[in-house]
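In: Just a sequence and a predicted model for now, questions to come.
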Amino acid sequence: MFRSALLPQDADQRCDVVVVTPNDQLRASFQEKLSPERWKVYQASSGASALELLRRNALHHAVLLLDPLLPDLEPEGFRVMIASRFPETQILMINSQTGQLLGGNSSPSPVSEKLISLINTSGIVRVHGFMPGDNERLRGPFERRGVTPGRMIGRTEPRRRTWALTRMVATRNTTVLITGESGTGKEVLAQEIQLLSDRRHKPFVVVNCSAIPDALLESELFGYTKGAFTGAVQSRIGRIQAAHGGVLFLDEIGDMPLALQGKILRFLEQGEVQKLGGNDNIRVDVRVIAATNADLKKRVAEGRFREDLYYRLAVFPIHLAPLRERMDDLPLLAQGLMMKHHPGISMQPEAVEILIHHTWPGNIRELRNVIERAVVMAGRGAEVKAEHILL
């Protein structure tokens, strides 16, 4: 094993190192090289596991060696989360594809400078500055893997802001209210929040409040006992109870009947449900994410939505911008939809140009349908042309 004269010789000059990369060999290499030099090395294969590791071990002054190609979090969002929770933690970016250390997001501390010197002399990776072009170079394989931004594609400021907020709140149990026009991807965002949380392996239960008749919505949500009403030949759990341990997504919450809103408020505040026809309160562990394309504040003013429920839902609001406000994302969106649903088929630049000049009142849902129609029009061809785009 190598030795470095620049290594710290006491605990005050040394801190913990957290290697965050899905690359098993790279994690093992850092472990092998750094541990004998009395640096305590922790390993994490994802952003979520790194955050949990930092919290569980109280590593408030660690140095993170961060691979931007994480399976769950985008680097910028991860940095925001680290800065808010562990402000004393240093981040050094590593590229597991090329074996380079790219630098950090702040001025290195004396400890991290010593770590950089050690890494530079150890043969693990090569140190160089983080050049402006590196970000775009790294995004290519990242996006091709479909890792980030998950199924929510985009690089514009509205999308970056949305993802920063998403990653801030994902690991908490905070109630989220997603707003935006129809077709902007509110349910997809709700699913991403769950995938970034500790509930990712638990149920994700969807209730469309506008699609279920008012007379049935209460029994669908809370369940019922045998004989609670005509036709209730056996007891049944509701969708809230079915989401125990996971996430309940209340879509189009603005269309929920006023009479039912009080019961939803009680459930949110007490964490309990009571079946129709029953007397027992059932404890449930459910995170609620609600969504609407309506102006809930206006509905509150009109007396159509409870003000107390509105504030209980809007603990952490996230607004999705319409597609017309982030048209620079459209080529990426079109490419992503083509790759996901029709791999092997490309789109001519002239076809993309037609898409760019449309106003997209139906947002991403409309774009998906237009691309599906264009692929059908293209037939067995391997390319979507301008004449295949029907708007």
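Out: Perfect, I can see it now. These numbers come from a predicted model, not from an experiment. Residues are numbered from 1 along each chain as shown.

In: For the stretch 51-200 of the chain, just list every one of the strands.
Out: Per DSSP state E, counting those that start in this stretch, the stretch 51-200 of the chain carries strands over the ranges 63-66, 90-95, 100-104, 126-127, 176-179.

In: In the chain, spot the helix with the most residues.
Out: Using DSSP state H, we find that the single longest helix of the chain is helix 363-378.

In: List the contacts of that one.
Out: Helix 363-378 has contacts (CB atoms under 8 Å, 6 or more residues apart in numbering) with 181-185, 322-323, 330, 333-334, 337-338, 341-342, 345, 347, 351, 355, 360, 362, 384-385, 387-391. For the C-beta atoms, the positions are set from N, CA and C on the backbone; glycine is no exception.

In: please redo it, this time with the cut-off set to 7 Å
Out: 181-185, 322-323, 333-334, 337-338, 342, 345, 360, 384, 388-391 (CB atoms under 7 Å, 6 or more residues apart in numbering).

In: Which neighbouring elements make contact with the next helix or strand after it?
Out: Sequence-wise, the next helix or strand downstream of helix 363-378 (DSSP states H and E) is strand 383-384. Applying 3 or more CB pairs under 7 Å, 6 or more residues apart in numbering; DSSP states H and E, one finds that strand 383-384 contacts helix 363-378.

In: rank the strands of the stretch 51-200 of the chain by pLDDT, which is bottom?
Out: Ranked by mean pLDDT, these end with strand 126-127 at the bottom, a mean of 42.

In: Count the residues that sit near Ala382.
Out: 8 (other CB atoms under 10 Å).

In: ugh, typo on my part, it should be Glu325
Out: Counted with other CB under 10 Å, the neighbours of Glu325 add up to 11.

In: same deal with Pro343?
Out: Counted by other CB under 10 Å, the residues lying close to Pro343 total 7.

In: What does it show for phi and psi?
Out: Backbone torsions for Pro343, taken as degrees, to the nearest 10, come to phi -60, psi 140.

In: separation between it and Gly336?
Out: To Gly336, Pro343 is 11 Å away according to CB to CB, to the nearest Å.

In: and what of Phe86?
Out: 32 Å.

In: for Leu118, same thing?
Out: Distance from Leu118 to Gly336, by CB to CB: 40 Å.

In: Which of these two has more residues huddled nearby?
Out: Leu118 (21 against 18).

In: And the helices in the stretch 51-200 of the chain?
Out: 75-85, 110-122, 132-144, 157-170, 186-195 (DSSP state H, counting those that start in this stretch).

In: in the longest helix of the chain, what counts as buried?
Out: In terms of neighbour count (16 or more other CB atoms under 10 Å), helix 363-378 has its buried residues at 363-364, 366-368, 370-371, 374-375, 378.

In: List just the nearest of those residues to Ile82.
Out: Proximity of those to Ile82, judged by CB to CB, is greatest for Ile364, which lies at 30.2 Å.

In: burial of Lys226, as a residue count?
Out: 12.

In: likewise Asn281?
Out: With other CB under 10 Å as criterion, Asn281 counts 13.

In: Look up phi and psi at it.
Out: Torsion angles, degrees, to the nearest 10, at Asn281: phi -90, psi 130.

In: ok, for it, nearest residue in space, not its chain neighbours?
Out: Once flanking residues are discounted, Asn281 sits nearest to Glu272: 4.3 Å by CB to CB, 6 or more residues apart in numbering.

In: who's that neighbour bridged to?
Out: Beta-bridge pairing for Glu272 (DSSP bridges): Arg283.

In: Can you report how many residues lie near it?
Out: Glu272, neighbours per other CB under 10 Å, totals 13.

In: residues in contact with it?
Out: 281-284.

In: Distance of it relative to Asp285?
Out: Where Asp285 is concerned, Glu272 sits at a distance of 11 Å (CB to CB).

In: Could you break this protein into its assigned domains?
Out: Per the record, the chain has its domains at 11-141, 157-319, 323-388, by automatic domain parsing.

In: separation between Gly278 and Thr225?
Out: According to CB to CB, Gly278 and Thr225 sit 5 Å apart.

In: Now the phi/psi pair for Ala294, please.
Out: Reported as degrees, to the nearest 10, the phi and psi values for Ala294 are phi -90, psi 160.

In: Give me the pLDDT for it.
Out: For Ala294, the predicted pLDDT is 95.

In: Go ahead and confirm it touches Gly254.
Out: Yes. At 3.5 Å, Ala294 counts as touching Gly254 under the criterion of CB atoms under 7 Å.

In: rank the helices of the stretch 51-200 of the chain by mean pLDDT and give me the bottom one.
Out: helix 132-144 (a mean of 36).

In: Per-residue confidence at the residue nearest to Asn281, what does it come out as?
Out: Looking at Glu272, its pLDDT reads 94.

In: what's the answer for the one 4 residues further on, then?
Out: Predicted confidence (pLDDT) at Leu276: the value is 84.

In: residues contacting it?
Out: Applying CB under 7 Å, 6+ apart to Leu276 gives the contacts 218-219, 222, 224-225, 228.

In: Narrow these to those in helices?
Out: 218-219, 222.

In: Save those residues as JSON lines, and put in neighbour count and pLDDT too.
Out: Shown next, in JSON lines, are the ones in helices among the contacts of Leu276 (neighbours: other CB atoms under 10 Å; pLDDT from 0 to 100):
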{"residue": "Glu218", "neighbour count": "19", "pLDDT": "90"}
{"residue": "Ser219", "neighbour count": "19", "pLDDT": "89"}
{"residue": "Phe222", "neighbour count": "22", "pLDDT": "92"}
